[in-house]
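Engineer: show me the folded form of this:
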Amino acid sequence: MSVSGDKPLHPCLVVSPTKALKHLFTKMRDVRTNSTEFAAYAKRAMRLLAEDAIAELPTKSVEITTPCGPSTGVEIATDNLCAVSIIRAGDSLLESVRECLPGVRVGKILIQRDESSEEKEPKMFYAKMPPGVSDMNVLLCDPMLATGGSAKMAISTLVSEYDVKPERIIFANVICCPEGLDAMATAYPEVKIVTACIDEGLNGEKYIVPGLGDYGDRFFGTV
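Structural biologist: As a prediction, this is how the structure comes out:
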């Protein structure tokens, strides 16, 4: 997918093809949708996204036997996976991943954007990963990819402090925009991005438009 002509938004971009998302996004975007309803629709959308992101992990062919005979299937390599959330909104998507993979190991990164700065620059506060994460595939969870500042800082932390290889990182987000994808393409073209929707762009406050507002506030009822 590209912005115009042959220029790609990101070299490793996967957009979920699930038709159900159009309805779910309509409900999530609507200002009349209260926090309880928003969380319910968002959980449905994130479960679909989580499955699509997990499906991008390495796979192998396996032979199985069905009740009617032999068959060839595909097995996703999830044993060597760490799901990492960018707190707070990322915790909502992390839980959808854990519903799909109850035993998945978990990492946490706390990054908050500085609302007083013109560019809404991110600030790093905390990171904690399980032992051996440098040898794992990583599924990074954050529902919104706006400027790309928080995502780039999280990936930089994984790479520089935990020795995770960028090509082993999958970044899952519910909504992104061209500006964020361009920033990620410049900084981390090896990181695969799995998203459910690409919106038009950013407004003056660096929020995605049409977007859906502050994802964390609407999901956790702190609007």
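Engineer: pLDDT value on residue 1, please?
Structural biologist: Model confidence at residue 1, given as pLDDT, is 44.
Engineer: revised request: answer the last question for residue 132.
Structural biologist: For residue 132, pLDDT reads 97.
Engineer: now residue 122
Structural biologist: 86.
Engineer: ramachandran angles for it?
Structural biologist: In terms of degrees, to the nearest 10, the main-chain angles of residue 122 are phi -80, psi 150.
Engineer: can you check residue 8 too?
Structural biologist: phi -80, psi 150.
Engineer: ok, what's across the strand from it?
Structural biologist: residue 2 (DSSP bridges).
Engineer: now name the helix or strand holding the residue most central in space within the chain.
Structural biologist: Taking C-alpha atoms, centre = their mean, the centroid of the chain lies closest to residue 172, which sits 1.9 Å from it. Element membership of residue 172 [criterion: DSSP states H and E] is strand 169-173.
Engineer: CA atoms only for that strand - export them in PDB, please.
Structural biologist: C-alpha atoms of strand 169-173 as PDB (Å, rounded to 0.1, in the frame of the first residue of the first chain):
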ATOM      1  CA  ILE A 169       9.800  -7.300  16.000                       C
ATOM      2  CA  ILE A 170       6.200  -7.200  14.900                       C
ATOM      3  CA  PHE A 171       4.400  -3.900  15.800                       C
ATOM      4  CA  ALA A 172       0.700  -4.300  16.100                       C
ATOM      5  CA  ASN A 173      -1.600  -1.300  16.100                       C
END
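Engineer: ok, the closest residue to residue 172 other than its chain neighbours - contacts?
Structural biologist: Nearest residue to residue 172, sequence neighbours excluded (C-beta to C-beta, 6 or more residues apart in numbering): residue 53, at 4.0 Å. For every residue, glycine as well, the C-beta is placed using N, CA and C. Applying C-beta atoms under 8 Å, 6 or more residues apart in numbering to residue 53 gives the contacts 97, 139, 170, 172, 194.
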